[in-house]
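> Sharing a model prediction with you, sequence too.
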Amino acid sequence: MIPTINESTFPQEVLDSPFPVIVSFWAPWCGLCRIINPLLHGLQSEQGEQVKFVSVNADENFRLANTYRLTNLPTLLLIDRGQVLCRFDHFTSHDDVRAAFATLGKILGGLANTYSYTA
């Protein structure tokens, strides 16, 4: 399950996270957002606890939408240590979605080498 966060919890959940965070901006009326959601769940299962996943309803969190200059939904941001590492926001087809998730998987694989999980 991908938790939905809001403007008040965003700093703690995303900006202060010790792990990279995938932020999915969506809206209830967005059909493509519903298509991407199961893919996000799959990616979340693959990544385990190495990456945090959250979603933000852009309609209810206008300040965040403005801060990250959203022009399209869905928009996916990969944020690490408060910095946006990559952004996916111009989906026009299923092929675009698949390509974005393939790229995101490669980036996350590279980030996994940056973090040490030894006790």
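Yep, it's here.
> how close does Asn37 get to Ala102?
Using C-beta to C-beta, to the nearest Å, Asn37 is found at 18 Å from Ala102. From N, CA and C alone the C-beta is placed, and that goes for glycine too.
> neighbour-wise, which of these two wins?
Using other C-beta atoms under 10 Å, the more surrounded residue of Asn37 and Ala102 is Asn37, with 15 against 10.
> ok, residues contacting the helix or strand containing that one?
Element membership for Asn37, per DSSP states H and E: helix 31-47. With contact meaning C-beta atoms under 8 Å, 6 or more residues apart in numbering, helix 31-47 is reached by 2, 22, 24, 26-27, 51, 53, 55, 73-74, 76, 91, 94, 97, 101, 104-105, 108.
> show me where this structure has helices.
10, 31-47, 62-67, 94-112 (DSSP state H).
> CA-only coordinates of the third one in PDB, if you can.
Read it as helix 62-67. Extracted C-alpha coordinates of helix 62-67, given in PDB (Å, rounded to 0.1, in the frame of the first residue of the first chain):
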ATOM      1  CA  PHE A  62      -2.100  23.000  -4.300                       C
ATOM      2  CA  ARG A  63       1.000  24.400  -2.600                       C
ATOM      3  CA  LEU A  64       3.000  21.300  -3.300                       C
ATOM      4  CA  ALA A  65       1.700  21.200  -6.900                       C
ATOM      5  CA  ASN A  66       2.900  24.800  -7.200                       C
ATOM      6  CA  THR A  67       6.200  24.100  -5.500                       C
END
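> chain center to that helix: distance?
Centroid displacement of helix 62-67 relative to its chain, using C-alpha atoms, centre = their mean, to the nearest Å, is 15 Å.
> Could you tell me the average pLDDT over it, please?
For helix 62-67, mean pLDDT is 96.
> what do you get for the last one?
If you average the pLDDT over helix 94-112, you get 79.
> Check the second one too.
pLDDT averaged over helix 31-47 equals 87, rounded to a whole number.
> buried residues in that helix?
By neighbour count on 16 or more other C-beta atoms under 10 Å, the buried set for helix 31-47 is Leu32, Cys33, Ile36, Leu40, Leu43, Gln44, Gln47.
> same deal with the longest one?
Taking 16+ other C-beta under 10 Å as the neighbour-count basis, helix 94-112 is seen to contain the buried residues Val97, Ala100, Phe101, Leu104, Leu108, Leu111.
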